[in-house]
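J.: 3D, please:
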Amino acid sequence: MADLSPNAALLNALANQSIPWWKALAELVDNAFDADARRVEIICKRRTLVVKDDGRGIKNILAIATLGHHDRQESTQLGMYGIGAKDAWLFCSNVLDVVTVHAGRRASLRVDIDQLIKDNWQCDDPTYEPTSDPTGTVITLPLKAGRNLPGTEAFDELAFAFTPAISSGLQIIRDTTKPIALRPHEMPVLSDVVQAEFEVDGKHVLIDMGILPDGQQLRRGPFWLQYRHRILDKCSLGIGQYSQSRIAGRIVLGEGWKLSKNKDDLTLNKDRLADAIFERIEPMLKKAASLSESIESAAMRSEIEGQLNTAVSEVARRKPGRNKGTSTGTVFPQGTKRTVTRASMTRGLPGNADCGETKSGRRRGFIFDWCQADPGVLGTFDRIGARVCLNENHPFVASARASQNRDALLACSASLIADDACRHDAEGNTLLAFRFGSFADAIGGILPAAKEGDQ
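T.: Next comes the predicted model:
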């Protein structure tokens, strides 16, 4: 038989993946909560990251370092692919040191990437000893060269992601100079609230949405997409062609939804979910639009959106080059009731290049919109909702909007989409490293130096 085991150098490739610090931490916190932990402590001191929890411990300690292997327990909620903890380890350290107590036994394991490469996936055996200590796990990761400890922004994002867990009484403690408990993010009090429960292809959904009060902003919005103890991401699913300026709310997914590897996107049923939400909230969307957007502003938004999608369609019609990783459709197993719709063209861009319409009346393709964020951020791209938003508070965007410089606004929008397309695969997983926290932050910091009159 042919030996198809991977070369150990694959570890170097995985170690060069670029994921945000908060996502690396989230993978370790997920594992802790999956093991029924009530408290997770993240200690950042002397270039070492330590993650401690009071969960049930790891039954098979080798699973935490074996690619594709997951130590599934009855309490497991979000662990799926057996890759999350490995991503976190390889992102920040060459060494993984684990001590876990489970069912009256303490197990210890130390794994070094250099040793794995040298010995072709072989490492020293874990050690075991009986103990009466409480259950739990301690993961120690000495930071590799060039990697700094996570900062305040990473923990703010982590608190947002685990808002449902923290609100339910679970604890995440940040310990740098002194222990600080992360606090959940709060949803503003909304008016004209729409609450509904329904199913999409047999999977349960709950929505709770409404209109923001005058002067109120939602930094991460408009909707929080929630699954079990986590907010997967902010998104604009179900808004259709309407603006997101004055709306906010939650989309809570029940069992059975398929998530991407890093648990920040849906892999199926997004269009059906968007249509189902739109049917229930359209009257609220109309009212919010009447409060937030003038006819002139709506016309400019529609024009830029049309130009953007025309440009994207032209790119999609080009003959794909080699190794684009594109696909012409989706294949489902035989014997299922799933219908298959084949794409009319290959594409390497997020969203649909096809400019047909969904049931909600939303044109397929990208939605252009405005958002409000910190002045240094150019805007956002919502992969889940295929919506690109320029920040009204950014000086360059504000100047271009005031002078109706559509070309400048179109270029800013295209840059955000192009960055996402270049740095993510078809499921939204990050491919390339980036010096700054995000492209939007980097270009947002550069553009204020340009003056409207110089364009």
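
J.: Need the phi and psi values for Arg46.
T.: Phi and psi for Arg46, reported as degrees, to the nearest 10, are phi 50, psi 50.

J.: okay, it: pLDDT?
T.: Confidence at Arg46, expressed as pLDDT, is 90.

J.: again with the one 3 residues further on
T.: Listed pLDDT for Leu49 reads 96.

J.: Name whatever forms a beta bridge with it.
T.: For Leu49, the beta-bridge partners are Cys44, Leu141 (DSSP bridges).

J.: what does Leu206 give?
T.: Using DSSP bridges, the beta-bridge partners of Leu206 come out as Glu197, Val252.

J.: What's the local residue count around it?
T.: Leu206 has 14 neighbours, counted by other Cβ atoms under 10 Å. Just so you know, the C-beta spots here come from the backbone N, C-alpha and C atoms, and that holds for glycine as well.

J.: Quick one: residues contacting it.
T.: Residues in contact with Leu206 (Cβ atoms under 8 Å, 6 or more residues apart in numbering) are Gln195, Ala196, Glu197, Arg250, Ile251, Val252, Gly254.

J.: cool, Val252 as well?
T.: So Val252 contacts Val205, Leu206, Ile207, Asp208, Gln226, Tyr227 (Cβ under 8 Å, 6+ apart).

J.: Can you verify my assumption that the first one contacts Leu225?
T.: The reference is to Val205. No: assessed by Cβ atoms under 8 Å, Val205 is found out of contact with Leu225, at 10.4 Å.

J.: which regions of the stretch 51-200 of the chain lie under the pLDDT threshold?
T.: Low-confidence segments of the stretch 51-200 of the chain (pLDDT under 70): 68-82.

J.: what's the distance between Leu212 and Asp233?
T.: Note on Leu212: its distance to Asp233, by Cβ to Cβ, to the nearest Å, is 19 Å.

J.: before we move on, what about Arg220?
T.: Going from Arg220 to Asp233 by Cβ to Cβ gives 9 Å.

J.: neighbour count winner among the two?
T.: A side-by-side neighbour count of Arg220 and Asp233, using other Cβ under 10 Å, places Asp233 first with 22 against 18.

J.: what about the more buried one, helix or strand, and which?
T.: strand 230-235 (DSSP states H and E).

J.: just so I have it, where are all the helices in this structure?
T.: With DSSP state H, the ranges of helices along the chain come out as 10-15, 21-34, 84-92, 113-118, 152-161, 163-167, 270-292, 295-317, 395-402, 406-423, 439-446.

J.: quick revisit: using JSON lines, please lay out the contacts of Leu206 together with distance to Asp87.
T.: As requested, these are arranged in JSON lines below (distance: Cβ to Cβ, whole Å):
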{"residue": "Gln195", "distance to Asp87": "36"}
{"residue": "Ala196", "distance to Asp87": "36"}
{"residue": "Glu197", "distance to Asp87": "34"}
{"residue": "Arg250", "distance to Asp87": "27"}
{"residue": "Ile251", "distance to Asp87": "25"}
{"residue": "Val252", "distance to Asp87": "26"}
{"residue": "Gly254", "distance to Asp87": "26"}
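
J.: Narrow these to just the buried residues.
T.: With neighbours counted by 16 or more other Cβ atoms under 10 Å, the contacts of Leu206 contain buried members at Arg250, Ile251, Val252.

J.: quick one: buried residues of stretch 122-142?
T.: Cys123, Pro126, Thr135, Gly136, Thr137, Val138, Ile139, Thr140, Leu141, Pro142.

J.: Same check on stretch 44-64?
T.: 44, 49-58, 61-64.

J.: quick check, nearest of those residues to Ala373?
T.: Closest approach to Ala373 among these (Cβ to Cβ): Cys44, at 26.5 Å.

J.: so how many other residues sit close to the spatially closest residue to Cys235 that is not a sequence neighbour?
T.: In this structure, Cys235 finds its nearest non-sequential neighbour in Ile384, 4.0 Å apart by Cβ to Cβ, 6 or more residues apart in numbering. When neighbours are counted by other Cβ under 10 Å, Ile384 registers 23.

J.: Could you verify my assumption that Ile384 touches Lys270?
T.: Yes: the pair Ile384 / Lys270 is scored as a contact, 6.5 Å apart, by Cβ under 8 Å.

J.: who touches both of those two?
T.: Leu237.

J.: so where's the stretch 301-450 of the chain uncertain?
T.: 314-364, 425-442, 444-450.

J.: again, 90 this time
T.: By pLDDT under 90, the weakly predicted segments of the stretch 301-450 of the chain are 301-302, 306-366, 370-377, 380-386, 392-393, 414-450.

J.: The strand holding Asp233 to helix 21-34, inter-axis angle?
T.: 140 degrees (axes from the mean of the first three to the mean of the last three Cα atoms, to 10 degrees).

J.: Filter the buried residues of stretch 44-64 down to just the ones in strands.
T.: Secondary structure defined by DSSP state E assigns Cys44, Leu49, Val50, Val51, Lys52, Asp53 of the buried residues of stretch 44-64 to strands.

J.: Now the fifth one. Nearest residue, chain neighbours left out?
T.: I take that to be Lys52. Glu41 (4.5 Å).

J.: From what I see, the one you found and Ala181 are in contact.
T.: No: applying Cβ under 8 Å as the test, Glu41 and Ala181 come out as separate, 9.9 Å apart.

J.: what do those two both touch?
T.: Common neighbours of Glu41 and Ala181 (Cβ under 8 Å, 6+ apart) are Ile173.

J.: And the two? Which one has more around it.
T.: Taking other Cβ under 10 Å, Glu41 and Ala181 do not tie; Glu41 has more neighbours (19 against 12).

J.: Do you know the pLDDT at the more buried one?
T.: Looking at Glu41, the pLDDT reads 97.

J.: any idea how far it lies from Asp54?
T.: For Glu41, the distance to Asp54 - Cβ to Cβ - is 9 Å.

J.: And for Gly256?
T.: From Gly256 to Asp54 the distance is 30 Å (Cβ to Cβ).

J.: what number of residues lie near Ser302?
T.: Ser302 has 12 neighbouring residues, counting by other Cβ under 10 Å.

J.: who touches it in this structure?
T.: Gln241.

J.: how close does Ile139 sit to Ala65?
T.: Remark: distance between Ile139 and Ala65 (Cβ to Cβ) = 11 Å.

J.: Quick check: neighbours shared by the two?
T.: Applying Cβ under 8 Å, 6+ apart, one finds that Ile139 and Ala65 are jointly contacted by Leu96, Val98.

J.: Pairing partners for Asn391 in the sheet, please.
T.: With DSSP bridges as the criterion, Asn391 is bridged to Cys371.

J.: okay, now it: neighbour count?
T.: Neighbours of Asn391 using other Cβ under 10 Å come to 23.

J.: Now do the contacts for it.
T.: Trp370, Cys371, Gln372, Ala373, Asp374, Pro375, Val377, Leu378, Gly379, Thr380, Val397, Gly444.

J.: And those, which is closest to Ser415?
T.: For those, the residue nearest Ser415 by Cβ to Cβ is Leu378; the value is 7.8 Å.

J.: Based on its surroundings, how many neighbours for that closest one?
T.: Neighbours around Leu378, by other Cβ under 10 Å: 26.
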